[in-house]
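J.: Sharing a model prediction with you, sequence too.
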Amino acid sequence: MNSLRHLLTGLLFIGTVALYGQYGGSYTYAYLQLPPSARISGLGGLNVSTYDQDVTFGYMNPALLNSAMDGAMSVNHAFMPSGVTHGYAAYGKHMGKWNATMGGGIMYRTYGNMTMTDPAGNSIGKFSGSEYAAVWGIGYGTGKLRYGVNAKALYSRLESYSSLGMAADVGMAYVDTAHLFTAGLVLRNIGTQFKPYVDGNFEELPFSIDLGISKRLRYLPLRVSLTLHDLQQFDIRYDDPNAVSEVNIFSTDTVTEEKNYTVDKIARHLNVAGEFYFGKNVMVRAGYDHMTRKEMSVETRRGLTGFSLGFGMAIKRYRIDYGHEFYSLAGGSHHISIAANLNELVR
């Protein structure tokens, strides 16, 4: 495991060199930021600190890969407006000899059929697009500290344009089972394009630094999670021209004054979620992401934009989950997951 530690150290160094990161449409392969499962969708779309047998959490933070995921299989698919879909199929395997757990799978996103037009707007046919990521990671730990790394091979095809890339996630976790507490830190999507869509036009990947904590309450069937995302950049607000207003106090010269959005800038990094347990077989979830609410809602009618809901239930040896994220008034995602443990199915 010394080689794994050296690899993690090297990737952490690479990540800290790229702390300035990009946000809001200035990067490619945005599908890498999608939640891999219905459970995570129900928790607000992001969680890097929940430590249990769910193998999809290894996609969010490879340090969460653990022995309870041995044989775990999860198939996930999400339906979005206008025929857009995405999904993730994952599997985990524990290697007792090295006290390490491997996990990963295939992430995909399809955009359905779209109308192709000429410069005058006349329809000349149809085109489609799809994107894929082959993910494989390893998690290892001694005591309360865990470490992990994911490697991702990336492929995207949009109409006649295609791109290839590579990315990695580096994560750490602190797991205190006695106090039902977990903290996670992950540097996500460190990488580059090998082949850009347009020759010579290399684009950045959606690099982010995420920090989260999860606490299972001892006397209440509830797990609370708090996640701070995109910590590599303080101000992740959209550059809104309305944020600058004209001020004319004495009816003489007109000057501009920028509004103070310090609290809002901090809050946009915040994702909060709760998971309620009704016995061992039923869970209900709710989450809130402030960034989604501020960027996607209409000022005069916000609705439930930014919120998410979900539930899960165990039926014999299978677990079925559903999650819904309210992206905007136009609609949201309907995420469905089916999970099982192959070790139990083949007994």
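T.: Good, I have the coordinates.

J.: alpha carbons only for contacts and neighbour counts from here, please
T.: Fine.

J.: what about Leu34, distance to Ala339?
T.: Applying Cα to Cα, to the nearest Å, the value for Leu34 to Ala339 is 19 Å.

J.: Who has more neighbours out of those two?
T.: Ala339 (22 against 18; other Cα atoms under 10 Å).

J.: Model confidence score at the more buried one, please.
T.: Per-residue pLDDT puts Ala339 at 97.

J.: In this model Gly71 seems to touch it, though I could be wrong.
T.: No. In this structure, Ala339 is not within contact of Gly71 by Cα atoms under 8 Å, at 10.6 Å.

J.: Adjacent strands (with direction) for the longest strand along the chain?
T.: In terms of residue count, the longest strand belonging to the chain (DSSP state E) is strand 123-142. In its sheet, strand 123-142 lies beside strand 100-117 (antiparallel), strand 145-158 (antiparallel), with partners assigned from DSSP bridges.

J.: roughly how far out does the shortest one sit from the chain middle?
T.: On the basis of Cα atoms, centre = their mean, to the nearest Å, strand 145-158 sits 12 Å off its chain's mean C-alpha point.

J.: could you turn that strand into CSV, dropping everything but the C-alphas?
T.: In CSV, the C-alpha atoms belonging to strand 145-158 read as follows (Å, rounded to 0.1, in the frame of the first residue of the first chain):
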residue,chain,number,x,y,z
LEU,A,145,-8.4,7.5,8.4
ARG,A,146,-9.1,6.3,4.9
TYR,A,147,-7.7,7.3,1.5
GLY,A,148,-8.8,6.7,-2.0
VAL,A,149,-8.3,7.5,-5.7
ASN,A,150,-10.5,7.2,-8.8
ALA,A,151,-9.3,7.1,-12.4
LYS,A,152,-11.7,8.0,-15.2
ALA,A,153,-11.4,7.5,-18.9
LEU,A,154,-13.7,10.0,-20.7
TYR,A,155,-15.4,10.0,-24.1
SER,A,156,-17.8,12.5,-25.5
ARG,A,157,-19.5,12.7,-28.9
LEU,A,158,-21.8,15.6,-29.8
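
J.: Give me the distance from the following helix or strand past it to the chain's centre.
T.: Next helix or strand after strand 145-158 toward the C-terminus (DSSP states H and E): strand 161-176. Centroid separation between strand 161-176 and its chain, computed with Cα atoms, centre = their mean, is 11 Å.
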